[in-house]
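**Q** When you get a sec, could you give me coordinates for this:
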Amino acid sequence: MKRRTALKNVLFSAAGMLTLPAWGNAWNSSTFTQISSIFTKSQAEILDILVDALIPSSEIIGAKDLGTSAFINRMLADCYETEVQENFKIGLETANNLAKESFSKPLADCDKIQRKELLIKLSSTNNAQQKDFFSLLKQLTVLGYTTSEYVLTKHYNYVMAPGHYFGCVNV
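**A** Just a heads-up that it's a prediction; the model follows:
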């Protein structure tokens with residue numbers, strides 16, 4: 001290896017090591033929530049209602065309280081194509097329209113039992129687009145909920161580095 005190449009690699013590595021802590025500290029919960037929403041205000045409210053209906057709050061925190069809607073927004077914006085995003089938005093509007101048809105009131109005014117009935121209708125429909133919407137909604141809600149810090153630490157007893165390392169012991 002040439003001396004100049006080695007020196008250049010060492011300098012770039014040192015610069016990376018100096019900037020890495022500053023970059024890592026920039027990521028926190030407040031920067032996560034600053035991402036602009038792909039949903040309109042009414043669509044975001046419908047999403048909150050459906051997420052809360054899927055995993056409601058009880059003696060433990062529910063999906064809405066853990067911010068699973070923000071997780072779904074981020075996942076859809078970063079990991080899914082525009083076509084899937086648009087179908088998801090249409091699915092949210094369809095859920096609200098289905099509530100209006102079934103219960104003569106918007107989804108926001110429905111009680112928990114009516115919301116549960118609506119979820120059952122969405123899951124058992126013959127419409128492929130509605131079935132895909134509900135399947136994606138359910139998958140992302142469960143993924144966002146089960147991978148949240150609260151669930152991992154309080155219910156799964158997840159520990160980042162389990163056990164203790166004893167480096168120098170007599171064999």
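**Q** contacts, neighbours, all on C-alpha from now
**A** Noted.
**Q** Would you point out the helix or strand in the chain whose mean pLDDT is lowest?
**A** Within the chain, confidence by mean pLDDT, DSSP states H and E is lowest for helix 29-33 among all helices and strands, at a mean of 53.
**Q** Could you give me the buried positions within the helix or strand following that helix?
**A** Counting by DSSP states H and E, the element after helix 29-33 in chain order, helix or strand, is helix 41-54. For helix 41-54, a neighbour-count test (16 or more other CA atoms under 10 Å) marks Q43, A44, E45, I46, L47, D48, I49, L50, V51, D52, A53, L54 as buried.
**Q** go on, stretch 66-86?
**A** In stretch 66-86, residues buried by neighbour count (16+ other CA under 10 Å) are 66-74, 76-77, 84-85.
**Q** Return the distance of L11 relative to R4.
**A** Remark: distance between L11 and R4 (CA to CA, to the nearest Å) = 11 Å.
**Q** ok, these two, which is more surrounded?
**A** In this comparison of L11 against R4, neighbours counted by other CA atoms under 10 Å, the higher total goes to L11 at 12 against 9.
**Q** Over to the more buried one. Which of the three states is it?
**A** The three-state label given to L11 by DSSP: H, G, I helix; E, B strand; the rest coil is helix.
**Q** again, but for H164
**A** coil.
**Q** Show the low-confidence segments of the protein, by residue range.
**A** Low-confidence regions of the chain, defined by pLDDT under 70, span residues 1, 12, 15-35, 162.
**Q** Recalculate using a threshold of 80.
**A** Using pLDDT under 80 as the threshold, the predicted model of the chain has low-confidence ranges 1, 6-36, 157-171.
**Q** ok, the spatially most central residue of it to Q43 distance?
**A** When the chain is reduced to its mean C-alpha position, the closest residue under CA atoms, centre = their mean turns out to be F71, at 2.4 Å. F71 sits 15 Å away from Q43, taking CA to CA as the criterion.
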